[in-house]
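Undergrad: Give me a model of this one.
(2 chains)
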Amino acid sequence: MSDAMSTFVTLDLAPLLAAVFASLACGLLGNFLVLRRESLMGDAISHSVLPGLVIAFLLTGTRSPMVMFIGAAVAGVATVVLVELVKRLGRVEPGAAMGVVFSVLFALGVLLIRQAAENVDLDADCVLHGDLEAMALYWFPPTEWNAFLSWSTLTSLPRQVLTLGVVLIVTVLFVGVFYKELRITSFDPALATSQGIHAGAMHLVLMVLVAIATVASFEAVGSILVIAMLICPAATARLMTDRLRSQIIGSAVIAIIAGVVGYFSASLVPSLFVADATVNAAGMIVIVSGLLLTVAAIVSPSHGLLAAVIRRRRLARGIAVDDLLAALFRLYETGQPQLTRDRLAPMLPGRLLDVAVAQASARGLVRTEANNIALTPTGLESAAEIVRRHRLWESYLVSEAGVAPDHVHDIAEMLEHVTVQPRSGPATDPHGRPIPGSES
Amino acid sequence: MLLSLAQSDRAAFSPPDAGDGWSTLDQIVSTLTLQAGFNTSIVVVGTTLLGLAAGIIGVFALLRRRALVCDALSHATLPGMALAFITAAVLGADGRTLPVLLSGAAVSGVLGVLAIQLILRCTRLREDAAIGIVLSVFFGIGIVLLSVIQQMPTGNAGGLRQFIYGQTAAMSVGDAVLMGAIALLACLATVLLLKEFAVVCFNDAFARVSGWPVSLVDLGIMALVVLVTVAGLQAVGLLLVVAMLIVPPVAARFWTERLWLLVIVAGVIGGLSGYLGAATSALLPRKPAGGVIVLTSGVIFVISMVCAPARGVLAASWRRFRLRLRIAGEHILEEAFEHRGGDGQASLSAAQLRALATLRGWPRGLRRMLVSLLRLRGHLTATPEGGVVLTPQGHTAGARISRNHRLWEQYLISYADIAPSHVDWSVDQVEHVLSESLVRELEAALRDAGTEVPA
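TA: Numbers count the residues shown, from 1 in each chain, chains lettered A, B, ... in the order given. As a prediction, the model looks like this:
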């Protein structure tokens, strides 16, 4: 094993594994929270788990993972039940009910932890933002590669990594085995119930798993990473796709990327400025996941801002070309075969005219000679189709929708661009003009 | 390392007049009556005023459904504070001064709220996800910046940590005056703008078409929320300041249905929990005041939820219980009326009573209770055999319910197209809540339709 490699394994492997395991487990569960519009349940549970942990500790006097998990699960279920109770009895909105329950429980936890901290190192700060880096101090890995596969190496990994690994396996199994149930209860609980799937039970199990993932992640990565990972990867994936399966896979990939990139940038980015400086790794992972979300929001091909802008511009151009052709056609009807730009300018203001003319002549729909614009034979055909749609809409609006003839133009002006060509129709529009293509 | 720094800070800030451990009755009384030294009194007054302001503003945040936006806002203050601290330190000033930190907090808090709006407007994500994203990412940035401060040669983050969990005892006279000013401002704004707030909170669409500046009013509410949040950072910390905004209004909601009363009750609950929390924390300095304040308001919340006469759980169950009694009693009267003999005497034998109880699923005690209640009201008399006989008064009541039943049945059959064999069950529930005027309308409707109106 090379020196650099050995340094990496000794210092970084265990915390990196912990970060990735935690990110993955939370990222997978988050898909269903985001779909159920209960993203903040993760926030609420990660706050209210605190008193559960402290009470479990005060009752049993141990910090064994089993005890902590039971305390967390009980606190998670209690949160869900209490929120539901306050929502129903208080008739307040879900957000406020959640806020009341988790903030009061968290206050209780903060007080209790101060009480408990006097005899044991339950550290409120560490619970909040984790201490990934410290984990490296507890592990002495083997120096040979082939020793890594042995059972003794595996069990010598820091406890937090093992716990997170187990929680990750449980989460993956849960999502894999109950995929169908999770999907149907997330989209339509009533349908699920009518098919014999207990929607409430699935909800509770999901919340228990969120609580367990929270508590497993606490020491290693802190609750803020849990909250971020429950929401950001799933939200990012949701911006990229409309299919649940690909959303889940995408969120897993994003969680891994955020975990790895965030972990390394915590030590690499600051050392660009100051030698040997590092920043909090859990916080860095959160920031990376936030950045990924921002990127997805901008460049996603289906739901991104950029895609929307492009779609909108393409539509605007298409409409401008349609309008240009229609204007030319109407003048052609009155016996003017070509038009000057000045006459068209009021109809297509500013640059829109140039864009439309350029597009239309590129598609061979119009001919330009100096300042004059005229329809080509193909252009005449498509222009007739547009005007036909416009006039058909006008007759429909007057005869079927009861709109006054002098009010239909503006509506038809919008609808003409987004309608397929109807086969038959009246021969003239409400204003007495012939509808092209209906002459027979 | 981090924790030990934080604790040494705390020790340095502990008020000199507060001992360790439990206090004597004397100390408790003097703290509660503001006679336990200048510092303690200032802290108690400041926190009380803060609670008052937070309670009042929280009402509008709650009614605008912004409760969790406040949570995101308070988390989003951390990076601002850290950046302000770093900037001040780089420029050579002391970053730990309150105005510097609080202005940083306010700026990044506002940025957080704007980021939520941006996510909602530009992506398909819902509000819950937007709030969660802003909350966690801003807080993540804050944590990274805190770890940067930790490594700066100029200072440690200890001065900042008090803003996460809050440190009431560290409050100075200036801070208390600041809180008082904010509280006054909040109260003044509420009194002046109550009408605007009310119309926007209850029906913003109506407010918009009536020409109210809805976004401006919303902005005003959020500005006040930012103000209270920033002021509360020092007292209760950014993790718990949201509780001061949410819990008192939700608790007050159980006591009243009127807005101005809601504002007053929420203010009082907020002020009371601030007062009790700060006093407790002055007596028990090892208990973080933020936690005590929030827990106090939590206790008030639970008491309100259970005991409040307007919407409390006890009051609601009592009302439900009485309704159930009335309906069950009416069933007895109706049954007896429909079993009246040829002489017009309405009565039920003991066996008939028992059958009715079985049919309705009444426990044994309820049947006895109903009979004695109806006897007390003079609706019936008991026979020696265990049956009941209606008095003239009970006869009238039974006749009225029986007629209501028939009226509603007729109505459902002729107007709602329900099969005659299916109407009985739903009628059974509605017959008890038909008002006098509704009965008149039913009669008129049935008469118009040419249906026979039951006598």
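Undergrad: Can you say which helix or strand has A:Ile373 in it?
TA: A:Ile373 belongs to strand A:372-375 when assigned by DSSP states H and E.
Undergrad: Direction included, what does that strand pair against?
TA: strand A:338-340 (antiparallel), strand A:366-369 (antiparallel) (DSSP bridges).
Undergrad: need the least confident one among these, by mean pLDDT.
TA: Mean pLDDT values for the strands paired with strand A:372-375 show the minimum at strand A:338-340, a mean of 73.
Undergrad: Buried ones in the following helix or strand past that strand, by neighbour count?
TA: The first helix or strand that comes after strand A:338-340 along the chain, using DSSP H and E, is helix A:341-344. Buried residues in helix A:341-344, counted by 16 or more other CB atoms under 10 Å in any protein chain shown: A:Leu344. Just so you know, the C-beta spots here come from the backbone N, C-alpha and C atoms, and that holds for glycine as well.
Undergrad: cool, and stretch B:376-385?
TA: Buried residues in stretch B:376-385, counted by 16+ other CB under 10 Å: B:His379, B:Leu380.
Undergrad: that older thread, among the strands paired with strand A:372-375, single out whichever gets nearest to A:Leu348.
TA: strand A:338-340 (11.5 Å; CB to CB).
Undergrad: before we move on, back to that, ok, then the element right after the strand holding A:Ile373?
TA: That would be, after strand A:372-375 and using DSSP H and E, helix A:377-399.
Undergrad: What about B:Glu385? Give its phi and psi, please.
TA: For B:Glu385, the backbone dihedrals (degrees, to the nearest 10) come out as phi -80, psi 0.
Undergrad: excluding its backbone neighbours, what's nearest it?
TA: B:Ala350 (5.8 Å; CB to CB, 6 or more residues apart in numbering or on different chains).
Undergrad: same question, A:Ala258
TA: Excluding the flanking residues, the one nearest A:Ala258 by CB to CB, 6+ apart is A:Ser289, at 3.9 Å.
Undergrad: Compile the strands paired with strand A:372-375 into a markdown table and extend it with columns for mean neighbour count.
TA: As requested, those are exported to a markdown table (neighbours: other CB atoms under 10 Å in any protein chain shown):
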| stretch | mean neighbour count |
| --- | --- |
| strand A:338-340 | 16 |
| strand A:366-369 | 16 |
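Undergrad: Using JSON lines, lay out those together with distance to B:Leu145.
TA: Shown next, in JSON lines, are the strands paired with strand A:372-375 (distance: least, CB to CB, whole Å):
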{"stretch": "strand A:338-340", "distance to B:Leu145": "62"}
{"stretch": "strand A:366-369", "distance to B:Leu145": "59"}
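Undergrad: B:Asp140: helix or strand, and which one exactly?
TA: Heads up, residue B:140 is Gly, not Asp. Going by DSSP H and E, B:Gly140 is part of helix B:127-151.
Undergrad: Report the distance from that helix to the chain centre.
TA: In terms of CA atoms, centre = their mean, to the nearest Å, the centre of helix B:127-151 is found 28 Å from the chain centre.
Undergrad: buried stuff in it?
TA: Neighbour-count burial for helix B:127-151 [16+ other CB under 10 Å]: B:127-150.
Undergrad: Within reach of chain A, which of these are there?
TA: Among those, the ones lying near chain A by CB under 8 Å from any CB of the partner chain are B:128-129, B:131-133, B:135-137, B:139-144, B:146-148.
Undergrad: helices or strands up against whatever helix or strand A:Met41 lives in?
TA: A:Met41 is part of helix A:39-60 when elements are defined by DSSP H and E. Where contact means 3 or more CB pairs under 8 Å, 6 or more residues apart in numbering or on different chains; DSSP states H and E, helix A:39-60 is packed against helix A:14-35, helix A:65-90, helix A:94-116, helix A:199-221, helix A:223-240, helix B:127-151.
Undergrad: Enumerate every residue touching B:Leu233.
TA: Listed by CB atoms under 8 Å, 6 or more residues apart in numbering or on different chains, the contact partners of B:Leu233 are B:Ser74, B:Thr77, B:Met81, B:Leu102, B:Ala105, B:Phe163, B:Gly166, B:Val241.
Undergrad: ignore the last one, A:Leu105
TA: Contacts of A:Leu105 by CB under 8 Å, 6+ apart are A:His47, A:Ser48, A:Leu50, A:Pro51, A:Ala75, A:Thr79, A:Leu82.
Undergrad: The residue lying closest to the fourth one once chain neighbours are set aside - how many residues pack around it?
TA: Meaning A:Pro51. Nearest residue to A:Pro51, sequence neighbours excluded (CB to CB, 6+ apart): A:Gly109, at 3.8 Å. A:Gly109: 25 surrounding residues under other CB atoms under 10 Å in any protein chain shown.
Undergrad: how about the helices of the stretch 301-450 of chain B, start to end?
TA: Using DSSP state H, counting those that start in this stretch, the helices of the stretch 301-450 of chain B run over residues B:313-338, B:350-360, B:364-377, B:392-415, B:423-430, B:436-448.
Undergrad: quick one: buried residues of the third one?
TA: When you say that, I think you mean helix B:364-377. Those would be B:Arg367, B:Leu370, B:Val371, B:Leu374, for helix B:364-377 by 16+ other CB under 10 Å.
Undergrad: In helices, which of the contacts of B:Leu233 appear?
TA: If you go by DSSP state H, the contacts of B:Leu233 have B:Ser74, B:Thr77, B:Met81, B:Leu102, B:Ala105, B:Phe163, B:Val241 in helices.
Undergrad: of those, the lowest pLDDT goes to which?
TA: Pick the lowest pLDDT in those and you get B:Phe163, at 75.
Undergrad: what separates that one from B:Ala105, distance-wise?
TA: 8 Å (CB to CB, to the nearest Å).
Undergrad: Let's have the buried residues of helix B:364-377 in CSV, adding distance to chain A and pLDDT.
TA: Supplementary listing: the buried residues of helix B:364-377 in CSV, determined by distance: CB to the nearest CB, whole Å; pLDDT from 0 to 100:
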residue, distance to chain A, pLDDT
B:Arg367, 30, 84
B:Leu370, 28, 87
B:Val371, 33, 86
B:Leu374, 32, 88
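Undergrad: shaky segments in the stretch 1-150 of chain B?
TA: B:1-24, B:31, B:34-36, B:95-96 (pLDDT under 70).
Undergrad: How about the stretch 301-450 of chain B?
TA: Using pLDDT under 70, the stretch 301-450 of chain B drops low at B:419, B:422-426.
Undergrad: List, one by one, the residues from it near chain A.
TA: B:Phe301, B:Met305, B:Arg311, B:Val313, B:Ala316.
Undergrad: Just the buried residues of those residues.
TA: Buried among those (16+ other CB under 10 Å): B:Phe301, B:Met305, B:Arg311, B:Val313.
Undergrad: What is the neighbour count of the nearest residue to B:Ile246 once chain neighbours are set aside?
TA: Excluding the flanking residues, the one nearest B:Ile246 by CB to CB, 6+ apart is A:Gly99, at 4.2 Å. Neighbour count of A:Gly99, defined by other CB under 10 Å: 31.
Undergrad: same deal with B:Ala351?
TA: Residues near B:Ala351, counting by other CB under 10 Å: 11.
Undergrad: still on that earlier bit, tell me which other helices or strands the helix holding B:Gly140 touches.
TA: Counting by 3+ CB pairs under 8 Å, 6+ apart, helix B:127-151 packs on helix A:39-60, helix A:124-129, helix A:223-240, helix A:281-299, helix B:67-90, helix B:98-122.
Undergrad: contacting residues around the closest residue to A:Thr214 other than its chain neighbours?
TA: Of all residues not flanking A:Thr214 in the chain, A:Ser46 sits nearest, at 4.5 Å (CB to CB, 6+ apart). Counting by CB under 8 Å, 6+ apart, A:Ser46 touches A:Thr214, A:Ser223, A:Val226, A:Ile227.
Undergrad: Between the residues you listed, which sits nearest B:Arg66?
TA: Once CB to CB is applied, the member of those that ends up nearest B:Arg66 is A:Ile227, at 19.0 Å.
Undergrad: correct me, but A:Val77 touches A:Leu204?
TA: Yes: judged on CB atoms under 8 Å, A:Val77 makes contact with A:Leu204 at a distance of 6.2 Å.
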